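Asker: can't give you the sequence, but here's the structure:
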Ligand SMILES: Nc1ncnc2c1ncn2[C@@H]1O[C@H](COP(=O)(O)OP(=O)(O)O)[C@@H](O)[C@H]1O
Ligand SMILES: [Mg+2]
């Protein structure tokens, strides 16, 4: 799972926020219900204690302590109601104390006494030895006969059980709501982001060769649709400038071809004359060499621009890539021999691709040409052809100096030549690899280059198999 994805970020933050809100809500609910329950019990206890003071202590004059006990038993039946009633005299001695209740939730003799003198009705919570708590309402009463404290209490165990149940219900609700929210959010955000993902995939696909294509614009009128429109406008501008550059290259190379061809023809004709001095012939020969170089550059540029605009007709016939590599190696081994470079061709199986034989040969020639050019005397070049799944791979590895890391990303750019190469006076114009790349792309393939360990570089061409 990508923890940096919008989906994960949104859901995790939302879930954290929801958890906080739910915990707050749960705590608030729990404490309010608890407060309410305690209040209700407290009020009924105070009421009872007041009743006792008014009806029993207040009416019976002089206070008949025997009859009070009887009266309480008959009027209030504290044991049956699981209630606690205690009347203490001013000196602290107990006048009456109810017996153990039916539910045995507390033992009346163990209920703590008030620690301070009570002068006005009040409610307090006392811990019981069995870890329960008791709510006790105490109402003082005084007459000429003496002062009394009437206490009415009830164990909170029953309400605690209810509150526990409430707590569990809240926790279960929290879990269910969190689960549903995370799942629902996951699904909803996934659906909301699907158009973004489609746009991303489509944009990835719109490479230099597919600039004519446009991104899908969802019919929703939302921000994503606007994003697609804006991106499409940007791609259109890119496409325009790319077309302009291409057209310029195509026009310029086309216009240059004719005069250069004429120049070359004229120069050849002049050199063929017998009445030229040695000196002039040498100068003309050098001139012809330069013109031929220019012609080569212009031809390459012309070929490149035609490939890029898609004007070049690419044949689609089955080509045995291994066989093509072998014959090309045979033709170029003389060049390698001149530099005492060993040139090996390696293949294990018949690998066929569908494409333009002449152009695929051009790819191999350009790669071998580079390898021979840049590998010093006595080096070695290995060309291999293999297939893996649906792709045919052609690899040219040499033992030359390799390519500087800084230059690696640029070698497929037009007219790019690594610095060292320019100064070393190696023939070339920096168009060879650009042509290789354009031909590969026109065949639906790709080319990459990397340095080999410990020396040399390796160019890999991948083409779809026939
Ligand atoms: N086999 C190689 N070894 C070292 N450098 C290479 C090799 N192939 C290509 N390069 C580098 O990549 C650059 C571009 O190659 P390319 O487009 O064929 O141009 P050119 O061969 O005309 O210089 C070269 O100038 C060179 O710096
Ligand atoms: Mg080259």
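Answerer: Cool, the structure landed. Please read these numbers as outputs of a predicted model, since none were measured by experiment. Numbers count the residues shown, from 1 in each chain. Ligands and ions are numbered 1, 2, ... in the order given.
Asker: which residues does the closest residue to ligand 2 within the chain contact?
Answerer: Nearest residue of the chain to ligand 2 (Cβ to the ion) works out as residue 432 at 2.6 Å. The C-beta positions use only the backbone N, C-alpha and C, and glycine is treated the same way. Going by Cβ atoms under 8 Å, 6 or more residues apart in numbering, residue 432 touches 366, 369, 370.
Asker: and those residues as TSV, adding secondary structure and neighbour count?
Answerer: TSV is the format used below for those (DSSP: H, G, I helix; E, B strand; the rest coil; neighbours: other Cβ atoms under 10 Å):
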residue	secondary structure	neighbour count
366	helix	21
369	helix	16
370	helix	24
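Asker: who touches stretch 118-126?
Answerer: With contacts defined as Cβ under 8 Å, 6+ apart, stretch 118-126 is touched by 38, 42, 45-46, 49-50, 111-112, 114, 133-140, 149, 153, 156.
Asker: what ranges in the protein fall below the confidence cut-off?
Answerer: Residue ranges of the chain with pLDDT under 70: 58-64, 207-209, 420-424.
Asker: which parts of it are strands?
Answerer: According to DSSP state E, the chain carries its strands in the segments 83-89, 94-97, 122-127, 133-143, 146-155, 317-320, 342-347, 352-355, 380-388, 391-398, 446-451, 457-464.
Asker: how far away is residue 119 from ligand 1?
Answerer: 102 Å (Cβ to the nearest ligand atom, to the nearest Å).
Asker: state the distance from that residue to residue 57.
Answerer: Counting by Cβ to Cβ, to the nearest Å, the separation of residue 119 from residue 57 is 16 Å.
Asker: cool, residue 352 as well?
Answerer: Residue 352 is 114 Å from residue 57, by Cβ to Cβ.
Asker: go on, residue 347?
Answerer: Per Cβ to Cβ, residue 347 is found 115 Å from residue 57.
Asker: so residue 352 and residue 57 - more neighbours on which side?
Answerer: More crowded of residue 352 and residue 57, by other Cβ atoms under 10 Å: residue 57, with 20 against 15.
Asker: relative to residue 271, how far out is the nearest residue to that one once chain neighbours are set aside?
Answerer: Spatial nearest neighbour of residue 57, chain neighbours left out: residue 141 (5.0 Å); criterion: Cβ to Cβ, 6 or more residues apart in numbering. For residue 141, the distance to residue 271 equals 140 Å [Cβ to Cβ].
Asker: over to residue 364?
Answerer: Separation of residue 364 from residue 271 (Cβ to Cβ): 33 Å.
Asker: who has more neighbours, the two?
Answerer: residue 364 (25 against 14).
Asker: give the contact list for that one.
Answerer: The contact partners of residue 364, by Cβ under 8 Å, 6+ apart, come to 324, 325, 328, 383, 394, 396.
Asker: save those residues as JSON lines, and put in distance to ligand 1 and neighbour count too.
Answerer: JSON lines is the format used below for those (distance: Cβ to the nearest ligand atom, whole Å; neighbours: other Cβ atoms under 10 Å):
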{"residue": "324", "distance to ligand 1": "19", "neighbour count": "19"}
{"residue": "325", "distance to ligand 1": "16", "neighbour count": "25"}
{"residue": "328", "distance to ligand 1": "16", "neighbour count": "20"}
{"residue": "383", "distance to ligand 1": "12", "neighbour count": "24"}
{"residue": "394", "distance to ligand 1": "14", "neighbour count": "27"}
{"residue": "396", "distance to ligand 1": "7", "neighbour count": "24"}
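Asker: and ligand 2, which of those residues reach it?
Answerer: Applying Cβ under 5 Å from the ion to the contacts of residue 364, one finds that nothing falls near ligand 2.
Asker: relative to residue 455, which of these is nearest.
Answerer: Closest to residue 455 out of the contacts of residue 364 is residue 396 (14.8 Å), distances taken as Cβ to Cβ.
Asker: break this structure down into its structural domains.
Answerer: Following automatic domain parsing, one gets these domains for the chain: 6-161, 223-309, 317-464.
Asker: pick the most buried one from the ones you listed.
Answerer: Among the domains of the chain, ranked by average contacts under mean count of other Cβ atoms under 10 Å, first place goes to domain 317-464 (a mean of 17).
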